[in-house]
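*Asks:* A predicted structure for the sequence below; I have some questions about it.
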Amino acid sequence: MINKIFLIGNPNVGKSVVFSRLTGVRAMSSNYPGTTVEITRGFLEIGQDKVEVIDLPGTYSLEPTSKAEEVAVSILFDTPKDQMAIINILDSTNLERNLYLTLQLIEEGYPVIVCLNMCDEIKHRGITLDSDKLEAVLGVPVISTCAVTGVGIKKLIQRISEVKVSLRPKKSYQERWVEIGQIIEQAQRLTHRHHTFREIMEDISIRPFTGILMGVGVVYASFKIVRFVGEYLINNVCDPIFNNFYQPLIEKLSVILVPESFLHHVLVGDLINGKIDFKQSLGVLTTAPYIEFAMVLPYVFSFYIILSLLEDIGYLPRLAILLDNILHRMGLHGYAIIPVLLGFGCNIPGILSTRILESKRERFITSTLISIGVPCVALQAMIFALLGKYSGFYVAGVYLVLFIVWVVLGAILNLVLKGYSPELLIEIPPYRFPPFTVLFQKIYFRIKGFIIEAIPVVLLGVFLVNIMLYFKMFDLVSGIFAPVISGLFGLPKETIIALLIGFVRKDVAVGMLMPLGLTLKQMFIAATLLAVSFPCIATFVVLLKELGLKDLIKATILMLITGLVVGMVLNFGILR
Amino acid sequence: MKKISLLQLKPGKKAKVVEIIGGKALENRLMGLGIYLGRDISKLGHFVLRGPVAIKVGRTTVALGHDMAKRIIVEDDK
């Protein structure tokens, strides 16, 4: 009796897309090895039965080489073979390398069904595959699919019950490769054809000179587009909606609640010059929704459009090659750029994806650097709003400080921490152009995630802050921290409240700075401190889970020291 | 026919892997990607300042770090 179906295969063959097709559960997919670092579960109905389907991180062989692969292999070992079926997913365009794991699975006596995915791609690559032949040679069912469009999925489901164990003698790896060569000879035919434009572009990106040019271009263009789209949406969509439709409603509410009353204080906030100011009033129904929907959300949207596009096309591993030697100086290798980029969206997925790195040391360095020196998109959006109105120069200044923190802290960690850092070893995927609907779904999925996670926290956060402000509960705290905040950082003592709120949500924290009437220098210091000091509490929870308590304490000490040093240096040293 | 490391191999050249210096763990990692003793590979490029080396193995493009490339010994086809 089969009660578990495992999806297993090499990294980046589309396991998560097949998984989504089978179960209807949306799993994140991209075009780089290592998108899936956690186990995702869903259910598939086969006739009367409901069977659990488990999407595993990709692995090249049954000998794991990273934490993500370890996760995949160990869960497989822990399940009795007679209760499971394995759907082994292969990239049709790269049968040879993929078959290694297939043969290993079959030799180990696992019940396997082979799924030749991306079957739409083989045609324009001049490959023909004979799946019947392959089925005969392997002795297990073989089905061609194209999960992105859904072709072949029905057939795959129909044939799951035919899954079987094929008896094959165990082989040494050398013999296995020889055998793969013979299988390929029988089942695959290649026709010669000329290089396509896509292949030329693929080539350019991994050659030294052109690669670097392209990298600089892509990064610059991405940043520009994110800012342009974000800004455009704020000025032309969000602001008009708030000013023209929402403001009159809130004004009516303000009159009903009576200014200066407790409820007015909590819900609408303070009147600035007798008017409601979405940026400064600090009410649950004014500043809170304005921050999230009119200041942060537009950037969340534009950031994820670009990130999703780069992910799905398959550019990120190419960026990893370019940055390899720089990251080496911080005890990392090029692939660490993927968690870092995800961290610029939200630190949590960034830290989770450090599992694609091989050693514990690299995971510690990367997670620490992400939580200290990578501001999430919500925080960045607020920094754009706060400092960008003066000049892009200040915004760039924050990034420059972050970059210096990165390099210095990374180099120190590399010197101090024991152990060595492994070398880069990654597969560079071909460029792929997913259908627009796939991209759209992914962006939708991410934005929905943001709204669900952020909005309740923001509303609750502003609510609590208002209550504490009303009863003057912060006075004690700001008194205690005054020597550090005013003495060392040169900020008014009330800023501590914003820094503490940063623990709950960074965007609200920047929002709290807005009514304080800070000078430009103070604003710059406060914004930079919010970026380099503690990450939010949700990130802490994930850090604890991923690093363990001991390493979390180490990371926290580093956060404190970095925050103090940066605050002091900026206050006394650089700025006038 | 001479034995050189992947670093010394010229971009655009083909060669056969004859030795992997670095023990079983490295051999296993490379094997999963299809790089093993006796395998033909071709070098695509090499990034300056101890940057990575890009090679093609069958239909797979692989990038490996400078120090790892140093430990893969190949035999030039000439």
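*Replies:* That came through fine. Note that this is a predicted model, so its numbers are computed, not measured. Numbers count the residues shown, from 1 in each chain, chains lettered A, B, ... in the order given.

*Asks:* how about the lowest-mean-pLDDT helix or strand in chain B, does it reach chain A?
*Replies:* Within chain B, judged by mean pLDDT, DSSP states H and E, the helix or strand with the poorest mean is helix B:23-32; its value is a mean of 86. Yes - judged by Cβ under 8 Å from any Cβ of the partner chain, helix B:23-32 and chain A are in contact via B:25, B:28, B:29, B:30, B:31, B:32. C-betas here are computed from N, CA, C, even on glycine.

*Asks:* tally of neighbours for the residue nearest to the fifth one when sequence neighbours are not counted?
*Replies:* Same thing as residue B:31. In space, and not counting its chain neighbours, residue B:31 is closest to residue A:173: 5.6 Å by Cβ to Cβ, 6 or more residues apart in numbering or on different chains. By other Cβ atoms under 10 Å in any protein chain shown, the residues close to residue A:173 number 18.

*Asks:* quick revisit: following the chain past the least confident helix or strand of chain B, name the next helix or strand.
*Replies:* Downstream of helix B:23-32, the first helix or strand assigned by DSSP states H and E is strand B:40-46.

*Asks:* Would you mind extracting the C-alpha trace of that following strand into CSV?
*Replies:* C-alpha atoms of strand B:40-46 as CSV (Å, rounded to 0.1, in the frame of the first residue of the first chain):
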residue,chain,number,x,y,z
ASP,B,40,35.8,14.5,-21.6
ILE,B,41,35.2,18.1,-20.7
SER,B,42,35.7,21.4,-22.4
LYS,B,43,36.7,24.7,-20.8
LEU,B,44,34.6,27.7,-21.5
GLY,B,45,36.3,30.5,-19.7
HIS,B,46,38.2,31.6,-16.6
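
*Asks:* name the helices or strands packed onto that strand?
*Replies:* Helices and strands touching strand B:40-46, by 3 or more Cβ pairs under 8 Å, 6 or more residues apart in numbering or on different chains; DSSP states H and E, are helix A:208-233, strand B:14-20, strand B:53-57.

*Asks:* same thing but at 6 Å, please
*Replies:* Secondary-structure packing of strand B:40-46 (3 or more Cβ pairs under 6 Å, 6 or more residues apart in numbering or on different chains; DSSP states H and E): strand B:53-57.

*Asks:* So for the strand it packs on, mean pLDDT?
*Replies:* For strand B:53-57, mean pLDDT rounds to 93.

*Asks:* leaving aside the residues next to it on the chain, what's closest to residue A:36?
*Replies:* Distances taken as Cβ to Cβ, 6+ apart put residue A:57 closest to residue A:36, at 4.8 Å, once the chain neighbours are dropped.

*Asks:* Around residue B:32, count how many other residues there are.
*Replies:* What residue B:32 shows, counting by other Cβ under 10 Å, is a neighbour count of 25.

*Asks:* Correct me if wrong: it contacts residue A:60.
*Replies:* Yes - the pair residue B:32 / residue A:60 is scored as a contact, 2.7 Å apart, by Cβ atoms under 6 Å.

*Asks:* I'd like the distance from the helix or strand that contains residue A:567 to the chain centre, please.
*Replies:* For residue A:567, the element it lies in under DSSP H and E is helix A:549-568. In terms of Cα atoms, centre = their mean, to the nearest Å, the centre of helix A:549-568 is found 23 Å from the chain centre.

*Asks:* do stretch A:112-128 as well
*Replies:* 29 Å.

*Asks:* before we move on, what about stretch A:59-73?
*Replies:* Worked out by Cα atoms, centre = their mean, stretch A:59-73 lies 20 Å from the chain centre.

*Asks:* Just the buried positions in that stretch, please.
*Replies:* By neighbour count on 16 or more other Cβ atoms under 10 Å in any protein chain shown, the buried set for stretch A:59-73 is A:59-69, A:71-73.

*Asks:* Let me see the contact set for residue 40.
*Replies:* Just going to use chain A. A:27, A:55 (Cβ atoms under 6 Å, 6 or more residues apart in numbering or on different chains).

*Asks:* The chain in question should be chain B.
*Replies:* residue B:16.

*Asks:* That one pairs with what?
*Replies:* Assessed by DSSP bridges, residue B:40 has beta-bridge partners residue B:16.

*Asks:* Quick check: the gap between it and chain A.
*Replies:* 11 Å (Cβ to the nearest Cβ, to the nearest Å).

*Asks:* which stretches of the stretch 151-300 of chain A form helices?
*Replies:* A:153-159, A:173-187, A:197-205, A:208-233, A:239-241, A:247-257, A:262-267, A:287-289, A:297-313 (DSSP state H, counting those that start in this stretch).

*Asks:* Which strands or helices does the fourth one pack on?
*Replies:* Using 3+ Cβ pairs under 6 Å, 6+ apart as the contact criterion, the elements in contact with helix A:208-233 are helix A:197-205, helix A:297-313.

*Asks:* Send me the longest one as CSV with only the CA atoms.
*Replies:* What it means is helix A:297-313. Only the C-alpha atoms of helix A:297-313 are listed here, as CSV (Å, rounded to 0.1, in the frame of the first residue of the first chain):
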residue,chain,number,x,y,z
LEU,A,297,3.6,47.6,-1.1
PRO,A,298,4.5,49.4,-4.4
TYR,A,299,8.1,48.6,-3.8
VAL,A,300,7.3,45.0,-2.7
PHE,A,301,5.6,44.7,-6.0
SER,A,302,8.3,46.2,-8.2
PHE,A,303,11.1,44.3,-6.3
TYR,A,304,9.4,40.9,-6.7
ILE,A,305,8.7,41.5,-10.4
ILE,A,306,12.4,42.0,-11.0
LEU,A,307,13.6,39.3,-8.7
SER,A,308,11.1,36.7,-10.0
LEU,A,309,12.1,37.6,-13.6
LEU,A,310,15.8,37.1,-12.9
GLU,A,311,15.1,33.9,-11.0
ASP,A,312,13.0,32.4,-13.7
ILE,A,313,15.2,33.4,-16.6
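
*Asks:* Kindly provide the whole-number mean pLDDT of it.
*Replies:* Helix A:297-313 shows a mean pLDDT of 94.

*Asks:* Alongside chain A, which residues does chain B contribute?
*Replies:* Neighbours of chain A within chain B, by Cβ under 6 Å from any Cβ of the partner chain: B:28-29, B:31-32, B:34, B:36, B:45, B:47-52, B:54, B:58-65, B:67-68.

*Asks:* Kindly give a single PyMOL line that selects the buried subset of the residues you listed.
*Replies:* Filtering the residues of chain B next to chain A down to the buried ones (16+ other Cβ under 10 Å) takes a single PyMOL command:
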select buried, chain B and resi 28+29+31+32+34+36+45+47+51+52+54+58+59+60+61+62+63+64+65+67+68
